[in-house]
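In: This is a predicted model, with the sequence first.
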Amino acid sequence: MTPPVGLVLKAGGTSEVKLKLALRAGYHVNSNTPSDKYLIPLKLTWNPGPAQAEEVVFPKPEMEKVAFPPNLLSVFTGQFELVTRFKVPANAAPGPSALIGKLRYQACNDRMCLAPKNLDVAMQVDIVR
């Protein structure tokens, strides 16, 4: 995961923040819209803070066939980005701050899945008027 460097958010405005993710070769994570209800979706959530997350935009998933289960899976592989659209309140205090969130995922290969994980996400931002 590569957080943006020197992110500036304008009070009263909106901004898009890109979170770059990279998976090891041979692994995938279920998309945000998995093929079966028992699969754990990729999910990015943000805590209340200096900016409010309005929407998380996921890339188009790939449909992949693995040894289990018998149907195609909706997954992300390799390198991809999640884009969050933030709205900054007009009365946000100017100065340095942080956006804090969690990334929930379950990495799998074509034979097995690892235990689901929650990864803390923190991005330093500067709020300006």
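Out: Received, thanks.
In: what about the spatially most central residue of the chain, helix or strand, and which?
Out: Among the residues of the chain, the one closest to the centroid is residue 44, at 4.2 Å (CA atoms, centre = their mean). Assigned by DSSP states H and E, residue 44 belongs to strand 43-46.
In: what packs against that strand?
Out: Packing partners of strand 43-46 (3 or more CB pairs under 8 Å, 6 or more residues apart in numbering; DSSP states H and E): strand 52-57, strand 79-87, strand 95-105. (Glycine included, C-beta is placed from N, CA and C.)
In: hmm, 6 Å instead?
Out: With contacts taken as 3 or more CB pairs under 6 Å, 6 or more residues apart in numbering; DSSP states H and E, strand 43-46 sits against strand 95-105.
In: Give me the contacts around whichever helix or strand comes after the strand it packs on.
Out: The first helix or strand that comes after strand 95-105 along the chain, using DSSP H and E, is strand 107-108. Contacts of strand 107-108 with the rest of the structure, by CB atoms under 6 Å, 6 or more residues apart in numbering, involve 27-29, 114.
In: Could you do stretch 77-97 as well?
Out: With CB under 6 Å, 6+ apart, stretch 77-97 has contacts from 9, 11-22, 28, 44, 50-57, 59, 125-129.
In: With stretch 63-75 instead?
Out: 28, 30-31, 33-35, 61-62, 110-111.
In: Farthest-apart pair in those, please.
Out: 33 and 111 (23.4 Å; CB to CB).
In: Tell me the bridge partners for residue 73.
Out: Beta bridges link residue 73 to residue 64, judged by DSSP bridges.
In: so how many other residues sit close to it?
Out: 20 (other CB atoms under 10 Å).
In: got it, and the one 3 residues further on?
Out: For residue 76, the tally of surrounding residues (other CB under 10 Å) stands at 22.
In: helix, strand or coil for it?
Out: Put simply, residue 76 is strand when judged by DSSP: H, G, I helix; E, B strand; the rest coil.
In: which residues does it contact?
Out: If you count contacts by CB under 6 Å, 6+ apart, then residue 76 has 29, 31 around it.
In: now residue 55, nearest residue through space, not along the chain?
Out: residue 85 (4.6 Å; CB to CB, 6 or more residues apart in numbering).
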